[in-house]
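**Student:** return a 3D structure for these sequence lines:
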Amino acid sequence: MELNAYRIMWLFVFFDLPTETKKNRRNASQFRGNLLKDGFSMMQFSVYIRHCASGESADVHEKRINKLVPPLGKVSVLRITDKQFGMIINYLGKAKQDAVDAPTQLELF
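**Tutor:** Presented below is the predicted three-dimensional model:
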């Protein structure tokens, strides 16, 4: 199967979790830690991203997120193609930054 920028997916996880109590802070911290364990990277404090080689792979990670959602707060998941991800414009202050490079893919015959 040939790599295709329309088949490769990126998952974005956006969340706003309560941190008023010790239990809420622990839940929020565990949620972030579990995202990192599942291969997500922090893009911004409450925005994590993950490269998925296919829609099927993205399905698996979406199901994992569903199981990780804390009892309180809001969590949203957005799936976009690699082609769409390549059009992101990032700024650090006034300086424009290049988009994150996709991980190298291993193609097996």
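
**Student:** tell me who's in contact with the residue most central in space within the chain.
**Tutor:** Closest to where the C-alpha atoms of the chain average out (CA atoms, centre = their mean) is Ile49, at 2.2 Å. Listed by CB atoms under 8 Å, 6 or more residues apart in numbering, the contact set of Ile49 reads 10-13, 40-41, 43, 100. C-betas here are computed from N, CA, C, even on glycine.

**Student:** how about the helices in this protein?
**Tutor:** Taking DSSP state H as the test, the helices found in the chain are 22-37, 55-68, 82-85.

**Student:** okay if I get those helices as CSV plus mean pLDDT?
**Tutor:** Below are these laid out as CSV (pLDDT from 0 to 100):
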stretch, mean pLDDT
helix 22-37, 97
helix 55-68, 95
helix 82-85, 92
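
**Student:** looking at these, which is nearest to Ala95?
**Tutor:** helix 82-85 (20.3 Å; CB to CB).

**Student:** for that closest one, list every residue counted as buried.
**Tutor:** Buried residues in helix 82-85, counted by 16 or more other CB atoms under 10 Å: 82, 85.

**Student:** stretch 40-58 too?
**Tutor:** 40, 46, 48-53, 58.

**Student:** which one of those is nearest Lys67?
**Tutor:** Once CB to CB is applied, the member of those that ends up nearest Lys67 is Phe40, at 14.4 Å.

**Student:** identify the residues contacting that closest one.
**Tutor:** 11, 13, 48-50.

**Student:** okay if I get those residues as TSV plus pLDDT and distance to Asn34?
**Tutor:** Below are these laid out as TSV (pLDDT from 0 to 100; distance: CB to CB, whole Å):
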residue	pLDDT	distance to Asn34
Leu11	97	14
Val13	98	11
Tyr48	98	10
Ile49	97	15
Arg50	97	12
